[in-house]
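Undergrad: need a 3D model of the following:
(2 chains, ligands or ions: 2)
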Amino acid sequence: MLSIKNLHASIEGTPILRGINLEVKAGEVHAIMGPNGSGKSTLASVLAGREEYEVTEGEVLFQGKELLALSPEDRAREGVFLAFQYPIEIPGVSTTNFLRTALNQVREYRGQEPLDAVKFLSLMKEKMALVEIDQKLLSRSLNEGFSGGEKKRNEIFQMAMLNPVLSILDETDSGLDIDALRIVSNGVNKLKSDTTATIVVTHYQRLLDYIVPDFVHVLYKGRIVKSGTKELALELEEKGYDWIKEEVDSTATV
Amino acid sequence: MSTLTQQELVLGLFEAAPATFLSLRQLGKESFYAQGMPALKSEEYKFTPIAKKLESCLTDFSPAKPVKISADQVKSAVFAGFEGVVLVFSNGQYLPELSNSTEGLTVNLLSKTENTPLGSIAKADKDPFTALNQATFTDGLHVSIDNKKVIESPILLLQFHQARGGQVISPRIWIEAGDFSKATFIDYQVSLDDAPYFVNKVVEIKGGVHANITYHSLQEESNQVIEVSNVVTDIQQDSQFTSTQITLSGDMVRNNLTLNLLGSNSVGNMYGLYLLKGKTHVDNHTNVDHTIPHAESNELYKGILADQSRGVFNGKIFVRQIAQKTNAFQQNNNILLSDDAIINTKPQLEIWADDVKCSHGCTVGQLDEEALFYLQARGIDKITARGLLLYAFAGEVLDKIEEDSLRNYIVNQIQKRLGSNF
Ligand SMILES: Nc1ncnc2c1ncn2[C@@H]1O[C@H](COP(=O)(O)OP(=O)(O)OP(=O)(O)O)[C@@H](O)[C@H]1O
Ligand SMILES: [Mg+2]
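TA: Ligands and ions are numbered 1, 2, ... in the order given. Next comes the predicted model:
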């Protein structure tokens, strides 16, 4: 489904991603871990199409299409969804108010009929229940005055509404209380299918207890320096990153 | 503009007017001569070189005669869903045959009303254009609302403008609201074609005690139009006055809004929105005078400026020494959509009382790129996303308009622009 080959990206001339290779197949869950500042959010942003990042080398194929050639909105319409690590606040725009526009633009792109107000509302109700989010929150200005956990829940609610093919969850667990973590994870799990895939960026095993990964990758200094199965996450939880850093830094040529 | 042309301008207009209001107009003329056209360095008109603009754009310093207006033209200009009183004007001249009225509202030509103290609220010596209007207006409208009369339906002042060679239109309106009365006015000016002209309007509003007056003004005339508007109101005890000033087009527009808070427990609200593109230049000067204790003023002006447009905001809050317990709030926020757009914004606070709550703030920024990306990442195309964000920005002012037909009309006009790359 997703094939990243030798991806290099920089911001304001500083290279951040320095040769990422990653293959994600339908039905899989990939966890990306790694120390702060290693480039995890950068990778997520580059996949979603943030313009500040300049891709200097490499290619990304998503369902056979050149992902990097698409505008951010077309990537979303093709089925890429990014749950932001730091969802921003937009005064004056409520979730309900932009999501209907978003959903109908996505549906139009996919050749589906637009949803009328009634159908949209019933879909909202269904997905609200999935992540147990309050309607009141959704009619307020987007994320304005939301708690950290409410923002994250709202991201997953949007994901549920847009029904993506590839979901990239950037530290969705941070800020969630124990109950919310379970609820949100269950929501994500229910949205999974044989035809979709999930990339979860996280620092903690506790999320991976709920959303069980098929593969775990460690990103360090802009490269995936280690890949393994879910046991790798447990090992990291126990030992930290130092042993990996040492391994990499001692063999580094550049 | 040389002195000679100034004289020509005034004399041409002065002499063309009928003999009514002769002594008042004489005083206006003298006041105008004493002040002169605002010079380039004039503090009040610093960023708005209106004299130069008039000099280069006006060729015919004569008053524009009323043009014929049909009932169909009126019908198509009135906002969808509008239900209320329509008062029709052609080049400043009131047209009773196309207008209607309602109980408790008396409408008459100024020339048919005795003893209207014109110039007592909008004083000629305060502003050269007020003086110019007083020197050159030919007739105008007198509107009064009976004591205790609550007029729920809005009153539309529908003003058609059309002139040749940049003639001058000098509308003059006097509104008198009785004690315990309530009314909403919509001042709406429409260009009948693209020919240039100069509108120099003066509106005086005299409020009673416990009155509640709303004055909406929508400017969407052609981009050839030069306009100066002076709206001045006296606000008495326990009264509320609300102004919303929406400007969508024009060549050079200068709005002077003056609120005199004269009685305790009075409230003055000033809201404004300017959406500018091309080379449109809009200057909003507001002035609220807290003359007594326990009064409140609220001000919010917002602007979105594209292309080479230019905006000026100057908000003066004057709190006199006796005006203790004053609350005065002012906010001006701007989004610049292009590198060539310019905004000059200046709060001007003069506070002589010590027990007051005053706050003011102004911001100038670009469209939030992060927010734009967020919406795009949800599948919304860039132009629609931009429209959503700009609309959200403008919405805070539009929400202040309680009259649905007007708000819906403006929302429609704005969305046409925001959804199409502005
Ligand atoms: N606009 C920018 N200008 C300069 N450097 C930047 C910019 N944005 C990100 N970086 C740098 O890129 C590096 C990678 O950042 P990124 O946010 O991708 O890290 P991360 O792996 O997601 O970290 P965390 O675990 O803390 O979320 C960091 O060193 C960061 O400081
Ligand atoms: Mg990150």
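Undergrad: could you use CA atoms for every contact and neighbour count after this?
TA: Fine.
Undergrad: average pLDDT for the longest helix along chain B?
TA: Looking across chain B with DSSP state H, the single longest helix is helix B:382-398. For helix B:382-398, the mean pLDDT works out to 91.
Undergrad: near chain A at all, the helix or strand just after that helix?
TA: Scanning forward in sequence from helix B:382-398 by DSSP states H and E, the next helix or strand is helix B:404-418. No - on the criterion Cα under 8 Å from any Cα of the partner chain, helix B:404-418 is out of touch with chain A, staying 14.3 Å away.
Undergrad: list the contacts for the residue nearest to A:L219 when sequence neighbours are not counted?
TA: Leaving aside its sequence neighbours, A:L219 sits nearest to A:G34 (Cα to Cα, 6 or more residues apart in numbering or on different chains; 4.8 Å). Going by Cα atoms under 8 Å, 6 or more residues apart in numbering or on different chains, A:G34 touches A:40, A:203, A:218-220, A:241.
Undergrad: closest one of those to B:N133?
TA: For these, the residue nearest B:N133 by Cα to Cα is A:K40; the value is 66.7 Å.
Undergrad: ok, back up a step: by contact count, what packs against the longest helix of chain B?
TA: The elements that helix B:382-398 packs onto, with contact taken as 3 or more Cα pairs under 8 Å, 6 or more residues apart in numbering or on different chains; DSSP states H and E, are strand A:90-94, strand B:267-276, strand B:296-305, helix B:369-376, helix B:404-418.
Undergrad: CSV please, covering these and showing mean neighbour count.
TA: As requested, the helices and strands packed on helix B:382-398 are arranged in CSV below (neighbours: other Cα atoms under 10 Å in any protein chain shown):
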stretch, mean neighbour count
strand A:90-94, 20
strand B:267-276, 24
strand B:296-305, 24
helix B:369-376, 20
helix B:404-418, 16
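Undergrad: can you say which of the ones you listed is nearest to ligand 1?
TA: helix B:369-376 (11.9 Å; Cα to the nearest ligand atom).
Undergrad: and the contacts of the closest one?
TA: Contacts for helix B:369-376 (Cα under 8 Å, 6+ apart): A:50, A:72-73, A:76, A:88-90, A:98, A:102, B:382, B:385-386, B:389.
Undergrad: with distance to A:L191 added, can I get those in CSV?
TA: Converted to CSV, those look like this (distance: Cα to Cα, whole Å):
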residue, distance to A:L191
A:R50, 25
A:P72, 22
A:E73, 21
A:A76, 16
A:I88, 24
A:E89, 26
A:I90, 27
A:F98, 22
A:A102, 19
B:K382, 28
B:A385, 27
B:R386, 30
B:L389, 30
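Undergrad: show me which of those residues are buried.
TA: Using 16 or more other Cα atoms under 10 Å in any protein chain shown as the burial test, the contacts of helix B:369-376 include A:50, A:72-73, A:76, A:89-90, A:98, A:102, B:382, B:385-386, B:389 as buried.
Undergrad: out of those residues, who's nearest ligand 1?
TA: Of all those, A:R50 has the smallest distance to ligand 1: 11.1 Å, by Cα to the nearest ligand atom.
Undergrad: can you pull the phi and psi angles for that closest one?
TA: Phi and psi for A:R50, reported as degrees, to the nearest 10, are phi -70, psi 130.
Undergrad: please apply the same query to B:E44.
TA: phi -70, psi -30.
Undergrad: next up, the contacts around it.
TA: B:E44 touches B:P38, counting by Cα under 8 Å, 6+ apart.
Undergrad: adding distance to ligand 1, write the helices and strands packed on helix B:382-398 out as CSV.
TA: As requested, those are exported to CSV (distance: least, Cα to the nearest ligand atom, whole Å):
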stretch, distance to ligand 1
strand A:90-94, 20
strand B:267-276, 32
strand B:296-305, 27
helix B:369-376, 12
helix B:404-418, 29
